[in-house]
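Student: Could you look at this predicted model? Sequence included:
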Amino acid sequence: MTPDIIATVAGILTSSAMTPQIIKVIRDKNVENLSNVTLLILITGLSMWLLYGIFTNDWAIILFNGIAMVIDLILLIHILKYKNKVNHPYQKNLE
């Protein structure tokens with residue numbers, strides 16, 4: 001296995017890791033158990049890796065950290081959108 005194949009497989013796995021979480025948040029509109037602080041730390045780290053990839057001209061680091069950052073930004077947007085909304089199973093009865 002070559003380093004490029006390892007980098008590609010690792011990049012695909014780590015970049016797509018949050019995709020199931022986004023799908024669940026969009027479907028359920030429930031972000032109660034998600035931490036926006038943790039997500040901000042992750043996005044900051046990803047952006048620093050992206051800058052490192054740009055400085056070192058490493059396509060795998062640029063591509064996969066860029067993709068992961070976009071995915072995590074989408075998740076953060078949904079967290080901010082749904083964070084203050086009540087998501088209670090009996091919500092309709094309370095209104």
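Tutor: Sure thing, it's come through.
Student: correct me, but M69 touches S47?
Tutor: Yes - between M69 and S47 there is a contact under CB atoms under 8 Å: 6.0 Å. In short, each C-beta sits where N, CA and C put it, glycine included.
Student: higher neighbour count, the two?
Tutor: Using other CB atoms under 10 Å as the criterion, M69 and S47 rank with M69 on top: 19 against 15.
Student: which SS class is that one?
Tutor: Assigned state for M69: helix (three-state reduction, DSSP: H, G, I helix; E, B strand; the rest coil).
Student: ok, the residue nearest to it when sequence neighbours are not counted to A60 distance?
Tutor: Spatial nearest neighbour of M69, excluding adjacent residues (CB to CB, 6 or more residues apart in numbering): L46 at 4.2 Å. According to CB to CB, to the nearest Å, L46 and A60 sit 14 Å apart.
Student: what about those two, which has more around it?
Tutor: Legend: neighbour count by other CB under 10 Å for L46 and A60, higher for L46 (22 against 15).
Student: For the more buried one, which residues are in contact?
Tutor: L46 makes contact with 65, 68-69, 72 under the criterion CB atoms under 8 Å, 6 or more residues apart in numbering.
Student: separation between it and K29?
Tutor: According to CB to CB, L46 and K29 sit 25 Å apart.
Student: so which helix or strand takes in A60?
Tutor: Applying DSSP states H and E as the criterion places A60 in helix 59-82.
Student: Helices along this structure, start to end?
Tutor: 3-15, 19-28, 36-56, 59-82, 91-94 (DSSP state H).
Student: Please work out which of these is packed deepest.
Tutor: Across these, averaging neighbours per residue (mean count of other CB atoms under 10 Å) puts helix 59-82 on top, at a mean of 17.
Student: Compute the inter-axis angle for that one and helix 3-15.
Tutor: 0 degrees (axes from the mean of the first three to the mean of the last three CA atoms, to 10 degrees).
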